[in-house]
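Q: Okay, here's the prediction I keep looking at, along with the sequence it came from:
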Amino acid sequence: MSINSISEVKQLIPDNVGLRSVNEETKSPEVSFGEYLNSALMKVTDLENEAGKLKEDFALGKTDNIPDVLIAGEKANIALQFTMQIRNKILDAYSEIMRMQI
């Protein structure tokens, strides 16, 4: 049995967002963290909309491909769980920063 890398997580990262070139003077990426999170949330929303559309088509009898419906639902579920874990980590980091003494 071969061990595969975890490359599926990279599919959750939107294609149009990434760290573009780094400004040599400031050494900071051109894409802000807020823009990155917004794009990631839009990707999750797209996955959920796609899963909902496939479920609706299946319920109406427009499609009979059950595996595609289940796979789309699981992709949306995993993306949502991943997003919630990121949110939890951000809130934990914020709480930790607020507890720091200056």
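A: Received the coordinates, thanks.

Q: And the lengthiest helix in the chain, how far out from the chain middle?
A: Longest helix in the chain by number of residues (criterion: DSSP state H): helix 66-99. Offset of helix 66-99 from its chain centre (C-alpha atoms, centre = their mean, to the nearest Å): 7 Å.

Q: got the buried residues for the helix or strand hosting residue 40?
A: In the assignment (DSSP states H and E), residue 40 maps to helix 33-60. Across helix 33-60, burial judged by 16 or more other C-beta atoms under 10 Å covers 36, 39, 40, 43, 44, 47, 48, 51, 54, 55, 58. C-beta here means a position set from N, CA and C on the backbone, and glycine is covered the same way.

Q: rewinding a little: what average pLDDT does the longest helix of the chain get?
A: Across helix 66-99, the average pLDDT comes to 94.

Q: That helix vs helix 33-60, what angle?
A: 150 degrees (axes from the mean of the first three to the mean of the last three C-alpha atoms, to 10 degrees).

Q: Helix 66-99 - contacts with which helices or strands?
A: Under the contact definition 3 or more C-beta pairs under 8 Å, 6 or more residues apart in numbering; DSSP states H and E, helix 66-99 sits against helix 33-60.

Q: for the helix it packs on, packing partners?
A: Other helices and strands packing on helix 33-60, by 3+ C-beta pairs under 8 Å, 6+ apart, are helix 66-99.

Q: list the buried ones in the helix it packs on?
A: Residues of helix 66-99 classed as buried by neighbour count (16+ other C-beta under 10 Å): 69, 72, 73, 75, 76, 79, 83.

Q: Thanks again, I'm all set now.
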